[in-house]
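Asks: Got a predicted model here, sequence first, then my questions.
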Amino acid sequence: MHLTGLFDLSLVGRANREALQYDDGASVRTLTFAALDARAGRMAGELASRGLSRGDRLAVHLPNRIEFIDLYLACARLGVIFVPMNILYKERELRHIVGDAEPKAVVAAVQNGATYPESTVVWDVDELGRAAATREHARMIAPLDGDAPAMIVYTSGTTGVAKGAVLSHNNLAANAITLTTVWKISENDRYLAMLPLFHVHGLGNGLHSWLISGCRMRLLDRFDQRTTPRVMLDFKPTLIFGVPTVYVRLLDTAVMSDDDARTIGDAARLFVSGSAPLPAHVHEAFHRRFGHTILERYGMSEALMIMSNPYEGERQAGSVGPPLPGVSARIVGDEGVVLGDDQVGEVQICSPHLFSGYWGRPDATADAFDDGWFKTGDLGVRASDGYYALRGRRGDLIISGGFNIYPREIEELLLENPLLREAVVVGVSDPVRGEVPVAYIVADDALSTSAIEQSCRSQLASFKVPRAFIRVESLPRTALGKIQKHLLPPWQKPVNS
C-alpha cells in the first residue's frame with residue numbers, strides 16, 4: 001500500500017483537525033492536517049523541480065523540525081527514497097552513508113558544521129523551505145506498488161560496516177497499522193514526539209502512528225530533562241514513546257516534583273519504552289511515581305516492531321512480550337536447531353514488517369536470512385507463557401541511551417594512530433544510559449589519552465566516544481588470538497562523572 005493513502009486518512013479525512021504543535025524558534029505554532037498537507041504538496045513540487053523522481057534517494061541530515069516532516073511526506077508522494085542520517089554523525093560516518101546510498105542531494109542546516117564528501121550536492125533546509133513556500137499546493141502522487149522502497153535506514157553489523165536496510169511502503173504501513181491497533185492509538189490521543197525522527201523508533205513508529213490515527217502531536221527537537229517536563233505539564237500527552245534513558249531522567253527528583261509526576265501520569269494513557277533494555281528497578285520506580293507500568297517492546301531497524309508486552313494484559317518487567325500479530329518468531333541454537341522454551345538462542349523472525357534486504361549488499365542480505373527467517377543477532381529465551389526475554393547480542397553491540405554502538409568501528413579509528421598498537425572497546429553498565437563504551441588500549445607512552453579522546457570526538461558521534469581509555473600492558477587473548485574480554489580489568493565510573 002502506498003503510504004500516502006494511509007496518511008490521507010488524516011491529511012484529507014481530518015483536514016480541519018489540529019494536527020501538530022511545534023516551536024519555530026519564536027513561538028509555538030499550530031497546524032491543521034490541511035495545512036500540513038499543503039506544506040507537503042508544495043515541498044513535493046519543489047523537490048520535483050530540482051530533478052527528484054521515483055527511485056532517487058534524498059538524504060536528510062536534520063534534527064527534529066517541521067521541515068523534516070515536510071520532506072518525508074513529499075518523498076513518499078514522489079516515490080523518492082528517504083535516507084535519514086543521525087544528526088550526531090561526523091564526516092567519517094556521513095562519508096560512508098552518502099557514498100553508499102548515492103543520494104541526489106543531502107538536505108541539512110548549513111550552520112550544523114557537518115562535512116560531506118566533496119561531490120555532494122547539499123541543499124540548505126531553510127532555503128529549501130522558503131522556495132517550497134512560494135509554490136502552489138498540488139497533490140503530486142506517483143503511482144507505486146506497495147513493495148517499492150520508501151526509505152533506507154542505516155544500521156551497522158558487528159564488523160562496523162554500516163548497511164542500509166531497505167524498508168518498503170508495505171513494511172512501514174503494516175507496522176503502523178499493527179501498532180495503532182494493538183496500542184489503541186486513536187484521534188483522541190495527544191502524542192509527545194521527543195525521539196529523533198532520523199531513527200525508526202521516532203519515524204517508523206511515532207510519526208506513522210500519528211498520521212494514521214489523526215491524533216494531536218507536539219514535536220520537540222529532542223528530550224531535555226530541563227524543559228521537557230514543563231512541556232509535558234502544558235501539553236498533557238496521553239501517549240509517550242521513549243528510551244530507557246528518558247525514563248531514568250524523569251525519575252530524578254531534581255527534574256520534577258512528585259506532584260508534577262502524578263499530574264503527568266494522570267493525563268497519560270500509555271508510556272512505551274524500547275531501543276534498549278529497561279531495568280526492572282526503573283519499571284518499579286516509575287509505577288510508584290507516575291502510576292503507570294511502562295510497556296516494553298522490541299524492534300530493530302531491519303524489522304521495525306517485533307514484539308510487545310500487551311496493552312491489555314500483564315506487562316512483565318524484563319520481558320519484551322510475545323510477538324506482535326503477523327510476526328512469527330523462533331529461538332535457534334548454535335547448530336541451527338530450533339530450541340524449546342527456557343533455552344537461550346538467537347531470535348529469528350518472519351514478519352510483514354521485515355525489510356527486503358540491504359541496499360547494494362546481496363551478500364549481506366543472504367547472510368542475514370536462514371530459509372526465509374531473519375537472523376536478528378539477538379540472544380533470547382521464550383517462556384512457557386509465550387513471552388520473550390532478550391539476553392544480549394550474539395555480537396558485540398553496545399546500546400547506549402537507545403543508540404547502537406558497534407565497537408569495531410571505534411577500534412578501527414583508534415588503530416589508525418601509529419602510536420596505538422592494540423585496542424578493544426567494550427560496553428560497561430551505566431545507570432542512566434544502560435551501557436557506555438570504554439576502550440582498553442596498548443599504546444606508546446608518548447600518546448596521551450586526551451589526544452586519543454580528542455581524535456574520537458572530532459570523528460565520531462558523541463555517544464560513540466569511549467568514556468574512558470584504559471592503558472594495559474597487553475590484551476588477554478586465547479591461543480587463537482581472540483581477545484578474552486572477561487579478563488580485562490574492571491572499570492569503575494567516577495562518582496561525579
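Replies: Perfect, thanks for sending it. The model shown is predicted, which means the values in this text are computed figures rather than measured ones.
Asks: where's the most centrally placed residue in the chain, which helix or strand?
Replies: Nearest to the mean C-alpha position of the chain, counting by C-alpha atoms, centre = their mean, stands His199 at 3.1 Å. Using DSSP states H and E, His199 sits within no helix or strand.
Asks: where's the closest residue in space to Pro244 that isn't next to it in sequence relative to Thr245, distance?
Replies: Using C-beta to C-beta, 6 or more residues apart in numbering and skipping residues adjacent in sequence, the residue nearest Pro244 is Leu278, 4.7 Å away. All C-beta spots, glycine's among them, are computed from the backbone N, C-alpha and C. Distance of Leu278 to Thr245, computed by C-beta to C-beta, to the nearest Å: 10 Å.
Asks: which stretches of the stretch 301-450 of the chain have low pLDDT?
Replies: 395 (pLDDT under 70).
Asks: Show me the protein divided up by domain.
Replies: 3-222, 295-393, 398-487 (automatic domain parsing).
Asks: Check those domains for me and report the most buried one.
Replies: Among the domains of the chain, domain 3-222 has the highest mean neighbour count (mean count of other C-beta atoms under 10 Å), at a mean of 19.
Asks: Show residues contacting stretch 9-28.
Replies: 29-37, 40, 65-66, 69, 73, 187, 211-214, 216-221, 235 (C-beta atoms under 8 Å, 6 or more residues apart in numbering).
Asks: out of those, which are inside helices?
Replies: 33-37, 40, 66, 69, 73, 211-213, 235 (DSSP state H).
Asks: now the strands for the stretch 301-450 of the chain?
Replies: Along the stretch 301-450 of the chain, counting by DSSP state E, counting those that start in this stretch, strands occupy 304-308, 328-332, 345-350, 357-358, 369-370, 373-382, 388-393, 398-400, 403-405, 420-430, 434-443.
Asks: Which strands or helices does the last one pack on?
Replies: The reference is to strand 434-443. strand 398-400, helix 407-414, strand 420-430, helix 449-459, strand 469-471 (3 or more C-beta pairs under 8 Å, 6 or more residues apart in numbering; DSSP states H and E).
Asks: Any chance of a markdown table for these, columns distance to Arg17?
Replies: Converted to a markdown table, the helices and strands packed on strand 434-443 look like this (distance: least, C-beta to C-beta, whole Å):
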| stretch | distance to Arg17 |
| --- | --- |
| strand 398-400 | 37 |
| helix 407-414 | 44 |
| strand 420-430 | 42 |
| helix 449-459 | 45 |
| strand 469-471 | 53 |
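Asks: Now distance to Ile264 too, for the domains of the chain, in JSON lines please.
Replies: Formatted as JSON lines, the domains of the chain follow (distance: least, C-beta to C-beta, whole Å):
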{"stretch": "domain 3-222", "distance to Ile264": "10"}
{"stretch": "domain 295-393", "distance to Ile264": "16"}
{"stretch": "domain 398-487", "distance to Ile264": "20"}
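Asks: between those domains, which one is nearest to Asp252?
Replies: domain 398-487 (9.2 Å; C-beta to C-beta).
Asks: Just put the strands of the stretch 301-450 of the chain in JSON lines and tack on distance to Leu179.
Replies: Converted to JSON lines, those look like this (distance: least, C-beta to C-beta, whole Å):
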{"stretch": "strand 304-308", "distance to Leu179": "6"}
{"stretch": "strand 328-332", "distance to Leu179": "17"}
{"stretch": "strand 345-350", "distance to Leu179": "16"}
{"stretch": "strand 357-358", "distance to Leu179": "23"}
{"stretch": "strand 369-370", "distance to Leu179": "24"}
{"stretch": "strand 373-382", "distance to Leu179": "19"}
{"stretch": "strand 388-393", "distance to Leu179": "18"}
{"stretch": "strand 398-400", "distance to Leu179": "21"}
{"stretch": "strand 403-405", "distance to Leu179": "21"}
{"stretch": "strand 420-430", "distance to Leu179": "29"}
{"stretch": "strand 434-443", "distance to Leu179": "23"}
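Asks: returning to what we had before: what sits against the residue nearest to Pro244?
Replies: Counting by C-beta under 8 Å, 6+ apart, Leu278 touches 244, 247, 294, 296, 317.
Asks: and the second one, how many neighbours does it have?
Replies: Residue neighbour count, defined by other C-beta atoms under 10 Å, stands at 20 for Tyr247.
Asks: Look up how far Leu94 lies from it.
Replies: 31 Å.
Asks: Same check on the fourth one?
Replies: Per C-beta to C-beta, Glu296 is found 32 Å from Leu94.
Asks: And for Asp341, nearest residue in space, chain neighbours not counted?
Replies: Nearest residue to Asp341, sequence neighbours excluded (C-beta to C-beta, 6+ apart): Ser384, at 4.9 Å.
Asks: What of Met140?
Replies: That would be Ala44: by C-beta to C-beta, 6+ apart, it lies 4.8 Å from Met140.
Asks: what comes into contact with the helix or strand where the one you found lies?
Replies: Assessed by DSSP H and E, Ala44 sits inside helix 33-49. By C-beta under 8 Å, 6+ apart, the surrounding residues in contact with helix 33-49 are 10-12, 14-17, 19-20, 31, 58, 66-67, 69-71, 73-75, 77-78, 80, 128-129, 131-133, 135-140, 214.
Asks: close enough to count as contact, Val255 and Met232?
Replies: No - counting by C-beta atoms under 8 Å, Met232 is not a contact partner of Val255; they are 10.5 Å apart.
Asks: Which one of the two is surrounded by more residues?
Replies: Comparing Val255 with Met232 by other C-beta under 10 Å, the one with more neighbours is Met232, at 23 against 14.
Asks: contacting residues for the more buried one?
Replies: 192, 240, 264.
Asks: Trp491: which of those residues is nearest?
Replies: Ile240 (33.1 Å).
Asks: Need phi/psi at that closest one.
Replies: Ile240 adopts backbone torsions of phi -130, psi 120, taken as degrees, to the nearest 10.
Asks: Can you name the residues that contact the closest residue to Asp189 other than its chain neighbours?
Replies: The shortest distance from Asp189 to any non-neighbouring residue, by C-beta to C-beta, 6+ apart, is to Cys215 (3.8 Å). Shown in contact with Cys215 (C-beta under 8 Å, 6+ apart): 185-191, 209, 239.
Asks: Make sure Gly372 is actually in contact with Ile349.
Replies: No - Gly372 is beyond contact range of Ile349, at 10.2 Å (criterion: C-beta under 8 Å).
Asks: got any residues that touch both of these two?
Replies: Shared contacts of Gly372 and Ile349 (C-beta under 8 Å, 6+ apart): none.
Asks: hmm, back to that, and the residue nearest to Met140, what's its pLDDT?
Replies: Confidence at Ala44, expressed as pLDDT, is 98.
Asks: Please apply the same query to His199.
Replies: We have a pLDDT of 91 for His199.
Asks: Over to the one 3 residues further on?
Replies: You'll see Gly202 listed with a pLDDT of 94.
Asks: Identify the residue nearest it in space, chain neighbours excluded?
Replies: Gly202 sits nearest to Leu195 (C-beta to C-beta, 6+ apart), 3.5 Å away.
Asks: How about Trp373?
Replies: The nearest residue in space to Trp373 (C-beta to C-beta, 6+ apart) is Gln348, at 4.2 Å.
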